[in-house]
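> kindly return the folded structure for what I paste below:
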Amino acid sequence: MTEGRLDVSELMTKSKRQGWRRLLIGSIVAIVVIALIIAAVFLLTGSPADSSSDSPSASGITLEEWLGGSLATKSFNGTWLSGSEILFQDESGNLVIRNVTSGTSRTILEVTNMILAISFDYEISADRNYLLLASNYHKLYRHTYLAHYTIINLQTLDQTSLSRNNVSILQLATWGPQGNSLVYVLQNNIYYRPQAEIETDYELTTDGVFGTIYNGVPDWVYEEEVFSSNKALWFSPNGSGLVFGHFDDTSTPVMHIPYYGYPGSLSSQYTSSIPIHYPKSGTTNPTVKLFYVDLELAAAGNVTLVEISHPSQLDSDERILAAVAFPTNNLISATWMNRVQNIAYVQLCEPSTNTCTTGLSHAETAGWVEQFEPPIFSSDGTAFLLILPQDQGDSGAWRHLTMITNATSGSPVSTALTSGTHVVTEILSWDEDSSLVYYLATATSDPAQQHLYRVNITTTDFTEECLSCGVKSSNEETDCLYNTAKLSTDNSHYILTCAGPGVPEISVYSKDTTMIYSWEDNSDVAEVVAAKSLPDVKRYTVPVTGGFEAQVRLLIPPNADLTGNTKYPMLVYVYGGPDSYQVTERFNVDWGSYLVTNKSIIHAAIDGRGSGLKGNSMLFAGYRNLGTVEIYDQINVTKYLQDNLPFIDSTRTAIWGWSYGGYATGMSLALDYDGVFKCGMSVAPVTDWALYDSIYTERFMGLPTVADNIVGYEGGQLLNKADNIRNKDYYLIHGTLDDNVHYQQSLMLAKVLEQKDILFRQQTYTDEDHGIAQSRAHLYHSLENFLDDCFETSS
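Numbering: from 1, shown residues only. Model prediction:
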């Protein structure tokens, strides 16, 4: 589940069920003691976002600028082809290969080519002789779509439409890793073409049924909650073999999503619906299998599918396929989990013999396992890297870089390569020649920072080297505190994106950390931002129950009076889902920036218990009890801010959120017995976890059964707490075509509120999905209008 904002955040969080506990904040303590507490606990780590905010002539950010994208920054749009070459699309739309060592560029296809001009995606063949262009995009769900694919010969510019039996609308097409072979998926069946321009295609599967049985592409729940991709097939390194997922939704219940059609059109006299096999909590999941096919035999007319074995411990049909890799030509890695995802096995299989060994088994007793990315393997397949929780003494377990050796021996050995109270967020590359592993991780002193590191795995102390620490942006000469990176194929160069706190910049570096040149400085956005009055950013840590600290970020109106003589209304933006986080040093301009700079509203974000980047103890605090501790922390931390920051107007404080955040908003109003929040706005909320999808919900809640966790489901249900929304201003918003969080969720809440005679405002967006993308201006104008009423301010 993800929210639908323009800067979409990631999915939901969970929280451990505990009794209601409130933070008692200095109610009977002398003023001087309170001052000492504030000094000790309110650790200010931020600073004004931009000195230009002091200029009386600077204007605030307009809603039109944000929605129109004029403040959107460019990201790295290239693909490493070698150790020094990047394929990318230049500002004119031409496809170019640039050599970062020599600085030379070569255009391989100009935008004057009509197919390129209308294409939305491209991929070059391994031999660099052909391009595969995708056009005529037709969205299915978040990651899946239908498209027309065209093969272009880069020498002759001849074009070939990829099709079968005159059907050219495909679900997926991709090159193999050698030569110019490719596979594509049509109507849930996989086809193999050994050579791009020889239109001899081999049908690898025949049982695909559109909407029910899937081969090589995921069904709805695997796309949304597991792979986050439209691809469920993987080549061997030499291209001679293919492994693919097979998803059978036959027994999975169908959810009918209503579709109303076009206003004024006779074709829309009657409503229709879109059927989706959608497993809700406790219902039948799709049956998943993993198959291997020898492509050389297939090209000779012998198509033989071999089902890759799963761990014997997961013999029931309830197992989940979490990740797949094909690290060597005769080794397949498959990560399998049990249904509730607290046990994972990395299974290593030889497709030629279909024999498997367990490279890793991992279980969590007080949380879930997080193994949805495949391990990174050594070239011989005997060792691999992944992120695993490692105990850090009194601080509990933190996610760290871990190496598994003797992986195929049946007796694997696990070694932690990093340690400390910080979190490894992504493994980027393993440079075996230099014995270096590159990865991203938070800073030990600050979970809001993310840096590029490398570690030498041959040393005994595994000393971490930070490659981005001390790097400064050229636009604003500020430290780069939030970074991402992409390594070249031989690890001799890397792209470093300085993503914040200033306007993002992208640079090319050599392995010795020398910057070669700037790839993108976003100077156009930096120029606009420099002329704007931006929010002042302040960060705090606030103590919460259990000895944890919540991270808080406030966006404060520029030149605000912080003495308390002026009181400012505050809007808390909440997401709150398990392992989510909002307080980072990443550059961001959003609706909150508009409200702060135009309406003098403080915009707050709070990462409390259940949020990520702060260790497993805090992460798992709400396990099996969504709707408890993560909600309490939103309420109590907000109250703490009201009591200790004199410039916050405690009589005009609101909360809003989207998706899980919409749920957290409703729950915050329902559990707020002290009037902390005057009003709330929920967009596309969950209201009952029994109505959301199984893979996501059961990961954090278990099953909705008496034998498992029906008590947790009832405790996390908003519907049975609706009485507490009475006498609060509440705005409920949802799109009817939402395939993720169904419109049913909001209608159930509306029905309960109506039956209880509780007044609220409701907005329905007809035929809009979870992101409400076609009605953004109306949505944000409506939200602003509601806030004006709540805060008693003018538009």
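
> could you use CA atoms for every contact and neighbour count after this?
Will do.

> mind listing what residue 175 touches?
Shown in contact with residue 175 (CA atoms under 8 Å, 6 or more residues apart in numbering): 123, 124, 125, 126, 181, 182, 183.

> residue contacts, residue 743?
684, 734, 735, 736, 737 are the contacts of residue 743 under CA under 8 Å, 6+ apart.

> make CSV out of the residues you listed and add secondary structure.
Converted to CSV, the contacts of residue 743 look like this (DSSP: H, G, I helix; E, B strand; the rest coil):
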residue, secondary structure
684, coil
734, strand
735, strand
736, coil
737, coil
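
> which one of these is nearest to residue 345?
Distance to residue 345 across the contacts of residue 743 (CA to CA) is lowest for residue 684, with 34.7 Å.

> now the nearest residue to residue 761 once chain neighbours are set aside: phi and psi?
Of all residues not flanking residue 761 in the chain, residue 731 sits nearest, at 4.7 Å (CA to CA, 6 or more residues apart in numbering). As for residue 731, its main-chain torsions (degrees, to the nearest 10) stand at phi -120, psi 120.

> next one: residue 642
phi -60, psi -40.

> that one contacts residue 649, doesn't it?
Yes. Under the criterion of CA atoms under 8 Å, residue 642 makes contact with residue 649 at 7.0 Å.

> out of the contacts of residue 175, which sit inside strands?
123, 124, 182, 183 (DSSP state E).

> okay if I get those residues as JSON lines plus neighbour count and pLDDT?
Listed next are the ones in strands among the contacts of residue 175 as JSON lines, based on neighbours: other CA atoms under 10 Å; pLDDT from 0 to 100:
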{"residue": "123", "neighbour count": "17", "pLDDT": "99"}
{"residue": "124", "neighbour count": "20", "pLDDT": "99"}
{"residue": "182", "neighbour count": "22", "pLDDT": "99"}
{"residue": "183", "neighbour count": "23", "pLDDT": "99"}
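
> for those residues, which one is nearest residue 274?
Nearest to residue 274 among the ones in strands among the contacts of residue 175, with distances taken as CA to CA, is residue 183, at 28.3 Å.

> how near is that closest one to residue 195?
Relative to residue 195, residue 183 is positioned 10 Å away (CA to CA, to the nearest Å).

> common neighbours of the two, please.
With CA under 8 Å, 6+ apart, residue 183 and residue 195 have no common neighbours.

> where does the stretch 401-550 of the chain have low pLDDT?
Residues of the stretch 401-550 of the chain that meet the criterion pLDDT under 70 lie in 476.

> where exactly do the helices run in it?
523-530 (DSSP state H, counting those that start in this stretch).

> what segments of it are strands?
413-416, 424-431, 436-443, 446-456, 464-466, 482-487, 493-500, 505-510, 515-520, 536-544, 548-556 (DSSP state E, counting those that start in this stretch).

> would JSON lines of these with distance to residue 670 and mean neighbour count be doable?
Formatted as JSON lines, the strands of the stretch 401-550 of the chain follow (distance: least, CA to CA, whole Å; neighbours: other CA atoms under 10 Å):
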{"stretch": "strand 413-416", "distance to residue 670": "43", "mean neighbour count": "16"}
{"stretch": "strand 424-431", "distance to residue 670": "34", "mean neighbour count": "20"}
{"stretch": "strand 436-443", "distance to residue 670": "34", "mean neighbour count": "22"}
{"stretch": "strand 446-456", "distance to residue 670": "30", "mean neighbour count": "22"}
{"stretch": "strand 464-466", "distance to residue 670": "45", "mean neighbour count": "15"}
{"stretch": "strand 482-487", "distance to residue 670": "36", "mean neighbour count": "23"}
{"stretch": "strand 493-500", "distance to residue 670": "36", "mean neighbour count": "24"}
{"stretch": "strand 505-510", "distance to residue 670": "43", "mean neighbour count": "22"}
{"stretch": "strand 515-520", "distance to residue 670": "47", "mean neighbour count": "15"}
{"stretch": "strand 536-544", "distance to residue 670": "20", "mean neighbour count": "20"}
{"stretch": "strand 548-556", "distance to residue 670": "21", "mean neighbour count": "23"}
